[in-house]
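Asker: return a 3D structure for these sequence lines:
(2 chains)
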Amino acid sequence: MAEVLVLVDHVDGAVRKTTSELLTIARRLGEPSAVFIGAGYDRAAAVLAEFGAEKVYTVDDDQVTRYLVAPKAEVLAQLVQQTSPAAVLIPSNTEGKEIAARLSIKTSSGLITDAVDVQAGEGGPVTTQSVFAGSYTVQAKVTQGTPIITVKPNSATPEAVNSSPSTEAVTITLSAAATQAEVTDRKPRERSGRPELNEAAIVVSGGRGTNGDFAAVEAFADSLGAAVGASRAAVDAGWYPHANQVGQTGKQVSPQLYVAAGISGAIQHRAGMQTSKMIVAVNKDEEAPIFELVDFGVVGDLFSVLPQATDAVEKSKG
Amino acid sequence: MKIVVCVKYVPDAQAERTFEQDLTTDRTSVDGLLSELDEYAVEEALKLVEAAEGEVVVLTMGPEQATDAVRKALQMGAHSGVHVLDDAIAGSDAPATSLVLAKAVEKIGGADLVLTGMASTDGTMSVVPAMMAERLGLPQVTMASELGVENGAVTIRRDGDASTETITAQLPALVSVTDQINEPRYPSFKGIMAAKKKPLETWSLADLGVDAGEVGQGAAWTTVESFTARPPREAGQVVQDEGEGGARLAEFLVSKKFV
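Answerer: Next up, the predicted model:
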């Protein structure tokens, strides 16, 4: 069976959940080979084995992480040439999509981004994407070269199958073109202690209706163990960090439960949350378009509804 | 400084967007406009040449109506426009799009900066800027939420998933900007009148030396097999808060086992 390359998403060896999802998907298509770029492989090895990597390619070279995106695309291009994989799976985040873009051109291979499902099909993987702000789903496949697919978080349930991968250290000589955009400073994002927005099972978001006071939204989120999101209006007003924005130009989330508080539900916001499994809204305006999407809605003031709900949730947890 | 801004004409996201029979995006039955996210790139280009000196060339490819997107950018203040118009382009995928745009950037010539938005509002792939950088051999300086040009180098702030990065590269460079970077201006009446006299050239694929067989739906490296309209959500239960709305919300979540 052919290898399937999976680019590992990690911070200093702390592997993100998306990687175990990608390894699980890779097993449907061939033999998963993880590609680990950067420092900290010791910390990552156990997780990669747990989710079935048969092989791990490691690249620990300062040059690769010192320049933006292009060096990682060169690493993958080298491995594609070396292994002729059945597919390359990459996490669908900003950097992942840009790496995939360059790899596509380097290898003259078709690229599909933001897949929410990938299955083996005749003549290669078949992807499912959610398009036009979640109003359609599209099935597509790559027809030239090596299928390069970026996969969104929560697209598969990780399945543990212990393996004992062999490792191969890869050396790379970067081209001059790949070393032009230098990362001169890197500040880790401050951790809120809450789950990652695009990995969380529950997301509670606040919008214009909070008037800048997110305390009730955060308290309700914490009672549910949820991540906190914000609408573009709230972010543009400076009430909440852009990293928490849900919508077309922020994160696109697909949790089990999405709670929209004080959010009207404009298309820009719907594009980021419409594919959530269950949607709940609290809004003073009963005409707000968000109520067209909800499984359960409360027409009321979020500053009285959310604290009451928070108390009730805490009580039923006992 | 010479800046080329790439813009896209897209179906209005507020309208009911759908597909053509050949499974490409329907670009005729829905009114189109300059992709909102490209306005930030136009604005940033205008700010840069206003602060120093230079010219802004707006570049698009697409059907006849795509001229509207260039026109809007000219109304905002860009100096001239180029529209790559050719029947063979219809149905092009992202790699082909990046090929045509890269060739057009080369033909325009002398660009210190190639600026783009962070994504189109229709395809939303966010890959064309990286593909153009790869093809043009330019430094890729993408997803800028802040941008400065000094001493022949561009420096940006890039807010990533795990960290905030500062990226620096020598000009010429390819830069994409996010919607956090500025507040795009509205065209003034004066700008709208002035735009009518600004040069707007139309180029064919032959003008760029691109073979028609390299682009279009037939040459795409991916294919859409089918599309399905998402079934409308079943109408949910909406209650008025009469003092117990929060408790009822919690009951609902308990009944669905989220608590």
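
Asker: please, where are all the strands along the stretch 1-150 of chain B?
Answerer: B:2-6, B:9-11, B:32-34, B:55-61, B:80-84, B:113-116, B:140-150 (DSSP state E, counting those that start in this stretch).

Asker: B:Lys196 is nearest to which of these?
Answerer: B:Lys196 lies closest to strand B:80-84 among these, at 12.0 Å (C-beta to C-beta). To be clear about C-beta, it is placed using only N, CA and C from the backbone, and glycine gets the same treatment.

Asker: any chance you could give me stretch B:16-32 in PDB, C-alpha atoms only?
Answerer: Only the C-alpha atoms of stretch B:16-32 are listed here, as PDB (Å, rounded to 0.1, in the frame of the first residue of the first chain):
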ATOM      1  CA  GLU B  16     -28.500  33.000  -3.200                       C
ATOM      2  CA  ARG B  17     -25.300  31.700  -4.600                       C
ATOM      3  CA  THR B  18     -25.400  28.400  -6.600                       C
ATOM      4  CA  PHE B  19     -23.700  26.400  -9.400                       C
ATOM      5  CA  GLU B  20     -23.900  26.200 -13.200                       C
ATOM      6  CA  GLN B  21     -24.800  23.000 -15.000                       C
ATOM      7  CA  ASP B  22     -21.100  22.300 -15.400                       C
ATOM      8  CA  LEU B  23     -20.600  22.400 -11.600                       C
ATOM      9  CA  THR B  24     -18.700  25.700 -11.700                       C
ATOM     10  CA  THR B  25     -19.800  28.700  -9.600                       C
ATOM     11  CA  ASP B  26     -22.700  30.500 -11.100                       C
ATOM     12  CA  ARG B  27     -21.400  34.000 -12.000                       C
ATOM     13  CA  THR B  28     -24.300  35.300 -14.100                       C
ATOM     14  CA  SER B  29     -27.600  34.900 -12.400                       C
ATOM     15  CA  VAL B  30     -26.300  36.600  -9.200                       C
ATOM     16  CA  ASP B  31     -25.100  40.200  -9.200                       C
ATOM     17  CA  GLY B  32     -21.400  40.500  -8.700                       C
END
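
Asker: now do the buried residues in it.
Answerer: By neighbour count on 16 or more other C-beta atoms under 10 Å in any protein chain shown, the buried set for stretch B:16-32 is B:Arg17, B:Phe19, B:Leu23, B:Thr24, B:Thr25, B:Arg27, B:Val30, B:Gly32.

Asker: show me which pair in those residues is furthest apart.
Answerer: Spatial extent of the buried residues of stretch B:16-32 (C-beta to C-beta) is set by the pair B:Leu23 and B:Gly32 at 19.0 Å.

Asker: what's the helix or strand of chain A with the lowest mean pLDDT in contact with?
Answerer: Least confident helix or strand, chain A: helix A:267-273 with a mean of 91, by mean pLDDT, DSSP states H and E. The contact list for helix A:267-273, computed with C-beta atoms under 8 Å, 6 or more residues apart in numbering or on different chains, reads A:133-134, A:203, A:205, A:207, A:229, A:231-232, A:245-254, A:258, A:260, A:263, A:279, A:289-290, A:293, B:13-14.

Asker: on that earlier part again, could you dump the buried residues of stretch B:16-32 to JSON lines with distance to B:Ser120 and pLDDT?
Answerer: Formatted as JSON lines, the buried residues of stretch B:16-32 follow (distance: C-beta to C-beta, whole Å; pLDDT from 0 to 100):
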{"residue": "B:Arg17", "distance to B:Ser120": "12", "pLDDT": "86"}
{"residue": "B:Phe19", "distance to B:Ser120": "16", "pLDDT": "87"}
{"residue": "B:Leu23", "distance to B:Ser120": "18", "pLDDT": "85"}
{"residue": "B:Thr24", "distance to B:Ser120": "14", "pLDDT": "87"}
{"residue": "B:Thr25", "distance to B:Ser120": "10", "pLDDT": "86"}
{"residue": "B:Arg27", "distance to B:Ser120": "12", "pLDDT": "82"}
{"residue": "B:Val30", "distance to B:Ser120": "14", "pLDDT": "82"}
{"residue": "B:Gly32", "distance to B:Ser120": "12", "pLDDT": "91"}
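
Asker: and those as TSV, adding distance to chain A?
Answerer: Output for the buried residues of stretch B:16-32, formatted as TSV (distance: C-beta to the nearest C-beta, whole Å):
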residue	distance to chain A
B:Arg17	5
B:Phe19	8
B:Leu23	8
B:Thr24	11
B:Thr25	9
B:Arg27	13
B:Val30	10
B:Gly32	14
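
Asker: just the CA coordinates for stretch B:186-199, please, in PDB.
Answerer: Extracted in PDB, the C-alpha atoms of stretch B:186-199 (Å, rounded to 0.1, in the frame of the first residue of the first chain):
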ATOM      1  CA  TYR B 186     -15.700  54.700   0.000                       C
ATOM      2  CA  PRO B 187     -15.300  56.200  -3.500                       C
ATOM      3  CA  SER B 188     -15.900  59.900  -3.400                       C
ATOM      4  CA  PHE B 189     -18.000  61.600  -6.100                       C
ATOM      5  CA  LYS B 190     -14.800  63.100  -7.400                       C
ATOM      6  CA  GLY B 191     -13.200  59.700  -7.400                       C
ATOM      7  CA  ILE B 192     -16.200  58.200  -9.300                       C
ATOM      8  CA  MET B 193     -15.900  60.900 -12.000                       C
ATOM      9  CA  ALA B 194     -12.100  60.600 -12.200                       C
ATOM     10  CA  ALA B 195     -12.300  56.800 -12.600                       C
ATOM     11  CA  LYS B 196     -14.000  57.200 -16.000                       C
ATOM     12  CA  LYS B 197     -10.900  58.700 -17.500                       C
ATOM     13  CA  LYS B 198      -8.400  56.300 -16.000                       C
ATOM     14  CA  PRO B 199      -6.600  53.800 -18.300                       C
END
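
Asker: which parts of it are buried?
Answerer: Neighbour-count burial for stretch B:186-199 flags B:Pro187, B:Ala195, B:Lys198 (criterion: 16+ other C-beta under 10 Å).

Asker: what sits up against that stretch?
Answerer: B:Arg71, B:Lys72, B:Leu74, B:Gln75, B:Met76, B:Gly77, B:Ala78, B:His79, B:Ser80, B:Gly81.

Asker: mind running it again at 6 Å?
Answerer: Stretch B:186-199 is contacted from outside by B:Leu74, B:Gln75, B:Met76, B:Ser80, using C-beta atoms under 6 Å, 6 or more residues apart in numbering or on different chains.

Asker: kindly indicate the member of these with the most neighbours.
Answerer: Counting neighbours by other C-beta atoms under 10 Å in any protein chain shown, B:Leu74 comes out on top of the contacts of stretch B:186-199 with 26 neighbours.

Asker: ok, A:Gly206 - contacts?
Answerer: A:Phe214, A:Val217, A:Ala230, A:Ala234, A:Ala261, A:Gly262.

Asker: who's the third one bridged to?
Answerer: What it means is A:Ala230. A:Gly206, A:Gln245 (DSSP bridges).

Asker: for it, give me its contacts.
Answerer: A:Ser205, A:Gly206, A:Tyr240, A:Asn244, A:Gln245.

Asker: show me the two of the residues you listed that sit farthest apart.
Answerer: A:Gly206 and A:Gln245 (11.2 Å).

Asker: how about the nearest residue to the residue of the stretch 151-300 of chain A found nearest chain B, chain neighbours excluded?
Answerer: Taking C-beta to the nearest C-beta, chain B has its nearest neighbour within the stretch 151-300 of chain A at A:Gly300, 2.6 Å off. Sequence neighbours aside, B:Asp241 is the residue nearest to A:Gly300 in space, at 2.6 Å (criterion: C-beta to C-beta, 6 or more residues apart in numbering or on different chains).

Asker: quick check: that neighbour vs A:Met278, distance?
Answerer: 20 Å (C-beta to C-beta, to the nearest Å).

Asker: what does B:Leu85 give?
Answerer: The gap separating B:Leu85 from A:Met278 is 46 Å, by C-beta to C-beta.

Asker: any chance you could map the helices in the stretch 51-200 of chain A?
Answerer: Applying DSSP state H, counting those that start in this stretch to the stretch 51-200 of chain A gives helices spanning A:62-66, A:70-83, A:94-107.

Asker: export the ones you listed as a markdown table, with columns for mean pLDDT, mean neighbour count and distance to A:Ala45.
Answerer: Converted to a markdown table, those look like this (pLDDT from 0 to 100; neighbours: other C-beta atoms under 10 Å in any protein chain shown; distance: least, C-beta to C-beta, whole Å):
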| stretch | mean pLDDT | mean neighbour count | distance to A:Ala45 |
| --- | --- | --- | --- |
| helix A:62-66 | 94 | 15 | 19 |
| helix A:70-83 | 98 | 21 | 18 |
| helix A:94-107 | 97 | 25 | 21 |
